[in-house]
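1. predicted model and sequence follow; I will ask about them next.
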Amino acid sequence: MRFNPKARLDTSRVGDGGGGGGGGGGMRIPIPGGTKAGGGIGGLIIIILFVVVSSCMGGGLPSPGGGTDTTSSGTDASRMEDTGRYANCKTGADANTDEDCARVAVENSLVDYWSTTLPEQADMELQPATLRTFSGGVNTACGEATSQVGPFYCPGDSQIYLDTTFFQDVLEGQLGGQGGDFVEPYVIGHEYGHHIQNLMGTMGQVRTQQGADSDAVRLELQADCYAGMWTSYAEDSELITLDDADIAEALDSAKAVGDDRIQQKSGQGVDKEGWTHGSSEQRMAWFTTGYEEGTLEACDTFSASEL
């Protein structure tokens, strides 16, 4: 993955910081344990992996961008102190040498893509999400979360939250993903897919939370499909250039976070009744559908007779 060195980066929707901590609500997935760097967490740990936090899904969803962004404890999420982590990210040249700036460039590319795609295919304008990295813990409009959670999107404040240690500590270390520089962009693309679902009202279709044919699985597979749509665009865009190895890294990551793969790694045995995200094969297949077809219609997992 390379970035156009002459491109200008927009850091206005990317921030770092947060505070708090404690147990966040959400759909939790048991994965193989081990010691998380700096955390001293042994045995079987519980993470929120690529999910929409369920506390924001019960009884309807807040309107994206509407009102003051407040956490469950009354904290205004829009006023969390920023560390200035991304202040030096100015150009694509910075993104080529700094992983933080690469994250900004990925966010910029996602906004570029969906700003065009939503009006063309859904007749609606994009209200961009924001991306916030954190360590230790963070307060969100969906509750409090710690570094034990994976990346997640909160519809209550239209923010994607990301502890960047997740990729090495969990995705590679515990789930056996091969890693690579396109792993994180795939994950961010998936989480941005959840934001698109929030804007389009798709989250309101989720009634069943578990099971191989559940609405929750359909929601997650659709987000994988949306990540594939963006990847196809980004492959040879003005800002980003990808190669075959990058696509392979995205597919490997999708495979690593399949419900069946996670259950096998945890030693539980495969139980489809406990699935919330879909199998490795399904996640790879729907990412590929989005990548090859490039349309919201092709990604309509809720109308698919078979997943």
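-> Nice, I can see it.

2. which residues does residue 274 contact?
-> By CB atoms under 8 Å, 6 or more residues apart in numbering, the contact list for residue 274 reads 210, 211, 259, 263. (Each C-beta comes from the backbone N, C-alpha and C, glycine too.)

3. report pLDDT for the closest residue to the third one other than its chain neighbours.
-> Using CB to CB, 6 or more residues apart in numbering and skipping the chain neighbours, the partner closest in space to residue 259 is residue 275 (4.1 Å). Here, the pLDDT recorded for residue 275 equals 94.

4. what's the helix or strand for the nearest residue to residue 180 once chain neighbours are set aside?
-> The spatial neighbour of residue 180 that comes closest, neighbours along the chain excluded (CB to CB, 6+ apart), is residue 249 at 3.6 Å. Per DSSP states H and E, residue 249 falls inside helix 244-256.

5. how about the helix or strand following that helix: buried residues?
-> Sequence-wise, the next helix or strand downstream of helix 244-256 (DSSP H and E) is helix 259-266. The neighbour-count check on helix 259-266 (16 or more other CB atoms under 10 Å) flags 259, 260, 261, 262, 263 as buried.

6. got the residues you listed as CSV, with distance to residue 95 and pLDDT columns?
-> Listed next are the buried residues of helix 259-266 as CSV, based on distance: CB to CB, whole Å; pLDDT from 0 to 100:
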residue, distance to residue 95, pLDDT
259, 33, 88
260, 35, 90
261, 31, 85
262, 31, 82
263, 36, 87
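
7. sort out which one of those lies nearest residue 215 for me.
-> residue 259 (14.7 Å; CB to CB).

8. list the helices and strands the longest helix seen in the chain packs on?
-> Determined from DSSP state H, the single longest helix within the chain is helix 99-122. When contacts are defined as 3 or more CB pairs under 8 Å, 6 or more residues apart in numbering; DSSP states H and E, helix 99-122 sits against strand 14-16, helix 92-97, strand 130-133, helix 183-200, helix 215-234, strand 240-241.
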